[in-house]
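Novice: give me the fold of what follows.
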Amino acid sequence: MNVLLAGATGAIGVPLTRQLLAAGHRVTGITRTPANGEKLRALGAEPLVADAMDRDALLRAVDGIEADAVVHELTALKDASPRLRADDPTNALRTRGTADLLDAARLVGALRFVTQSLIFGYGYGDHGANALTEDVPFGRPQGIYTDPLIASLQSAEQQTLEAEGMEGIALRYGIFYGPSTFSDLFVGLMRRRRFAIPRGGGGSLSWIHVEEAAAATVAALERGRPGRAYNVVDDEPVNWRDFTWALAEAYRTPRPLELPRWALRLVAPYLAFMMTSTLRVSNARAKHELGWTPSVPNYGDGIRLTISATHEAA
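Specialist: Numbering: from 1, shown residues only. Sure thing, here's the model as predicted:
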């Protein structure tokens, strides 16, 4: 396939570009930054400089390009606030950005559109011990601080899955870890003793190594059923204490501080909501329908893989 990939130089965009090319697809990577063009060429992709939040400029940029599919992996997490601002740029990329990319998909003749989503669309809080499947209600407001984020996920999915004439697929990723993801941020903060988790270990969440997320995305592009959402998570949910302590041991950093929940809410309100939620999420549908099984089934194996890859790169 000819694939137009938005967010091609991001945390998942780079491994996804590599894996798409390795699978025999051709990739045109959208980036806002001209300097990233050489990075994409080095990977073997064709760069396209455009801003998905400027609809007219985006459509001018893609005019004349032909693509079979568009993949939306745009986020602005580097600009995110721990207080989850109402004008959070990633929310805008999921709402208006999705609409602009769907218009671009129609212009380039694409019939398939894959968008990133997130397991937190199931809602924050304690969902208990049962594994959440894709049949659980998604994107419902809870009347709390995190509703704008949930609304943006619902918008991205609804636009994608209901797009007329388009084979839309949504991927509900777990929390990314691995190179250039949240785990790198956590390690840096722990080195400076500036990272805290809830006292008692926090909630248990489903995570996914970024390389595994990319592999699932390739599988969804090739074999996903139109109009379907898929949970993309590994096999073993983990609480924040176990995950961050494993990171600290692997990277030889101090362990994170542990704060009472009320204190964590004062320091980092959004992280407090995230760290005190329990979402154990099922990947059974993705395994069955996509033929994808994570080769890194749990956080321990994933952290070891990341360390090994870092040593090889050095």
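Novice: residue ranges with poor pLDDT in this protein?
Specialist: 77-86, 311-314 (pLDDT under 70).
Novice: which residues are contacting the longest helix along it?
Specialist: When the chain is scanned for its longest helix (criterion: DSSP state H), the result is helix 89-108. Contact with helix 89-108 is made by 4, 6, 52-55, 58-59, 62-63, 65-67, 70, 72, 74-77, 79-80, 113, 115, 148-149, 151-153, 155-156, 159-160, 163, 165-166, as judged by Cβ atoms under 8 Å, 6 or more residues apart in numbering. Any C-beta I mention is one placed from the backbone N, CA and C, and that applies to glycine too.
Novice: just the buried residues of stretch 183-192, please?
Specialist: Of all the residues in stretch 183-192, those buried under the rule 16 or more other Cβ atoms under 10 Å are S183, D184, F186, V187, L189, M190.
Novice: quick check, nearest of those residues to A219?
Specialist: Closest approach to A219 among those (Cβ to Cβ): S183, at 23.2 Å.
Novice: doesn't A246 make contact with that closest one?
Specialist: No - S183 lies out of contact with A246 (Cβ atoms under 8 Å); the separation is 9.9 Å.
Novice: hey, what's in contact with both of the two?
Specialist: Shared contacts of S183 and A246 (Cβ under 8 Å, 6+ apart): I303.
Novice: next secondary structure element downstream of the longest helix of the chain?
Specialist: Using DSSP states H and E, the next helix or strand after helix 89-108 towards the C-terminus is strand 112-118.
Novice: R18 versus H72, what's the distance?
Specialist: Per Cβ to Cβ, to the nearest Å, H72 is found 18 Å from R18.
Novice: of these two, who's got more company?
Specialist: Using other Cβ atoms under 10 Å, the more surrounded residue of H72 and R18 is H72, with 30 against 16.
Novice: quick check on the residue in the chain sticking out farthest from the centre: phi, psi?
Specialist: Distance to the chain centre peaks in the chain at G64, reaching 29.3 Å (criterion: Cα atoms, centre = their mean). When read as degrees, to the nearest 10, the backbone of G64 gives phi 100, psi -10.
Novice: same thing with L21?
Specialist: Reported as degrees, to the nearest 10, the phi and psi values for L21 are phi -60, psi -40.
Novice: ok, A215 - contacts?
Specialist: Residues in contact with A215 (Cβ under 8 Å, 6+ apart) are Q19, W292, P294, S295.
Novice: which stretches in this protein count as helices?
Specialist: 13-22, 36-43, 55-62, 89-108, 147-161, 182-191, 210-223, 240-251, 261-267, 269-275, 284-290, 299-313.
Novice: out of these, deepest packed?
Specialist: Scoring the helices of the chain by mean neighbour count under mean count of other Cβ atoms under 10 Å gives helix 210-223 as the most buried, with a mean of 23.
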